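A.B. asks: Model the structure of this input:
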Amino acid sequence: MPTQKTNSFSLFEREREKDNPMVATLASRLVNIRKKNIAASLSDFEGSSHKLERVKTINTIDFIDDSRSTNVNSVWYALQSMTKPTVWITSIDNVEKISEDLVEQVRQHVRAIVLQNVYNTDVYNFLSSLDIPVYVEMNCEDAVRQAFYACDKNYAVLFSPGVNGTPQMTYRERGDKFQEAVGQL
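C.D. replies: Down below sits the predicted model:
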């Protein structure tokens, strides 16, 4: 019988040992529980409403509501999660908020960008410099329609604003508006 180890890696070392399948099973379950807890935490508290929520698929194009993405870190996570070429609807209104990590995700996943309700030419020029088509729309309905037209088959439209809601509209209302606009297509 192996000697009992007391360091923090002992559980994982024992997992590799063939003579104690119970420890291996327990370790495996603990790792899976930890992964599930992390995933549950990332999906948020309310059943993931407006957080990477698949709204509808139209002609092989998935529409995803990520209205809860109220900062560039959340947008980074959303883009990193995309498995299809993506048309990204955003409202980021300040170039200084756009990190190099976010640019990397945009280059990997995004095929077109729709700036919704953004009046900043610096943002437009910066995003255009990434050699990705950039469109500007002032309301949600037009942004969704433009995103749909910018898609090819098997694309996704990701509504991930990257900014807080306004006093006039919370992220929930903004997400509901996106979902209504998708329903009108």
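
A.B. asks: Show the average pLDDT along stretch 105-122.
C.D. replies: When pLDDT is averaged over stretch 105-122, the result is 95.

A.B. asks: Flag every buried residue along that stretch.
C.D. replies: Gln105, Val106, His109, Val110, Arg111, Ala112, Ile113, Val114, Leu115, Gln116, Asn117, Val118 (16 or more other C-beta atoms under 10 Å). No exception for glycine: its C-beta is placed from N, CA and C like everyone else's.

A.B. asks: Find the helix or strand that the residue nearest the centre of the chain is a member of.
C.D. replies: For the chain, the residue sitting closest to the mean C-alpha position, by C-alpha atoms, centre = their mean, is Ala78 at 1.1 Å. Using DSSP states H and E, Ala78 sits within helix 72-81.

A.B. asks: which ones are touching the residue nearest to Asp65 when sequence neighbours are not counted?
C.D. replies: Distance criterion C-beta to C-beta, 6 or more residues apart in numbering; nearest residue to Asp65, sequence neighbours excluded, is Glu53 at 4.5 Å. Glu53 makes contact with Ile64, Asp65, Asp66, Gly175 under the criterion C-beta atoms under 8 Å, 6 or more residues apart in numbering.

A.B. asks: Quick one: neighbours of the residue lying closest to the third one once chain neighbours are set aside, just the number.
C.D. replies: It stands for Asp66. Nearest residue to Asp66, sequence neighbours excluded (C-beta to C-beta, 6+ apart): Ser160, at 4.0 Å. Ser160: 28 surrounding residues under other C-beta atoms under 10 Å.
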